[in-house]
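A.B. asks: my questions concern the predicted model and sequence given below.
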Amino acid sequence: MSIFSRFTDIVNANINGLLDKAEHPEKMIRLIVQEMEETLVEVRSTAARSIAEKKSIVRQLRLLEANSAKWLDKAALAVNKQREDLARSALVEQHKAQEKIAALHTELSDIDQHLDAVQQDSQRLQDKLAEAKRKQESFQLRQQSAAVRLKVREQGHITQMDNAIAKFERYQQKIDRLEAELEAYDMTDNKDLESQFRELDQNEQIDQALAELKKQVVNA
């Protein structure tokens, strides 16, 4: 997927505007950074080719300048020897060399201008890439922050559940204690009731013994 169609689109791009329109801003910023980096590689490759071409022209200029100087020396020698014809031929060759030198100087000037433009474009692109990477880092920080907040909230819900369970257990324990007390009371109350019946039985036996004793005393 290509976001930009040419270099000018990149350096003039409104990154925030692109991200605002994007359905998935995180994915969009990754693509923007990737395309900018690829374009920067292309720009640097173009600059490398221009620099290599400049070096080749400089070497040709040195050879041509040496050749021009050589023909000029030969023309001077021919003049000294009164060989005007040879001097003229030598000057023709020297003139050809000078024309080539002039043409190469023009090419060299064009390359220098191109390299200056490439350098400026490269700097603009690097600035735009730095802006995009800052935006990417901002998204990453926001994602990390959101993840941390989500984890805290999840942990908070877990804590709330733990508190609710602990509270329920305390209530259950309280109910168990109340039920135990009630059972203990019932057991004690039953025992008291049995004691009362045993007491009644004992009293009846005593009353019978007392009646028997009275009869014995009267008959005596």
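C.D. replies: All right, it came through fine.
A.B. asks: let me see the backbone angles for residue 14.
C.D. replies: Here the main-chain torsion angles of residue 14 (degrees, to the nearest 10) amount to phi -100, psi 100.
A.B. asks: okay, now it: neighbour count?
C.D. replies: 9 (other CB atoms under 10 Å). For glycine as for every other residue, the C-beta is placed from the backbone atoms N, C-alpha and C.
A.B. asks: give me the pLDDT value at it.
C.D. replies: On pLDDT, residue 14 comes in at 71.
A.B. asks: one more: the one 10 residues further on?
C.D. replies: Each residue has a pLDDT score; the one for residue 24 is 74.
A.B. asks: same deal with residue 171?
C.D. replies: According to the predicted model, the pLDDT of residue 171 comes to 61.
A.B. asks: the one 10 residues further on too?
C.D. replies: You'll see residue 181 listed with a pLDDT of 62.
A.B. asks: try the one 10 residues further on
C.D. replies: Per-residue confidence for residue 191 comes out at a pLDDT of 50.
A.B. asks: check residue 69 too.
C.D. replies: 95.
A.B. asks: that one: neighbour count?
C.D. replies: Residue 69 is flanked by 12 other residues according to other CB under 10 Å.
A.B. asks: got it, and the one 4 residues further on?
C.D. replies: Neighbour count for residue 73, taken as other CB under 10 Å: 12.
A.B. asks: quick one, what contacts it?
C.D. replies: By CB atoms under 8 Å, 6 or more residues apart in numbering, no residues touch residue 73.
A.B. asks: do the one 3 residues further on as well
C.D. replies: Applying CB under 8 Å, 6+ apart to residue 76 gives the contacts residue 87.
A.B. asks: the same query, at a cut-off of 10 Å, please.
C.D. replies: The neighbourhood of residue 76, defined by CB atoms under 10 Å, 6 or more residues apart in numbering, consists of 87, 90-91.
A.B. asks: now the residues you listed as TSV including distance to residue 207 and pLDDT?
C.D. replies: Supplementary listing: the contacts of residue 76 in TSV, determined by distance: CB to CB, whole Å; pLDDT from 0 to 100:
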residue	distance to residue 207	pLDDT
87	176	92
90	170	93
91	170	94
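A.B. asks: scan these and report the most crowded one.
C.D. replies: With neighbours set by other CB under 10 Å, the maximum within the contacts of residue 76 is found at residue 90, which has 21 neighbours.
A.B. asks: my read: it touches residue 67, true?
C.D. replies: No - between residue 90 and residue 67 no contact is recorded; they are 11.2 Å apart, counting by CB atoms under 10 Å.
A.B. asks: nothing else from me, thank you.
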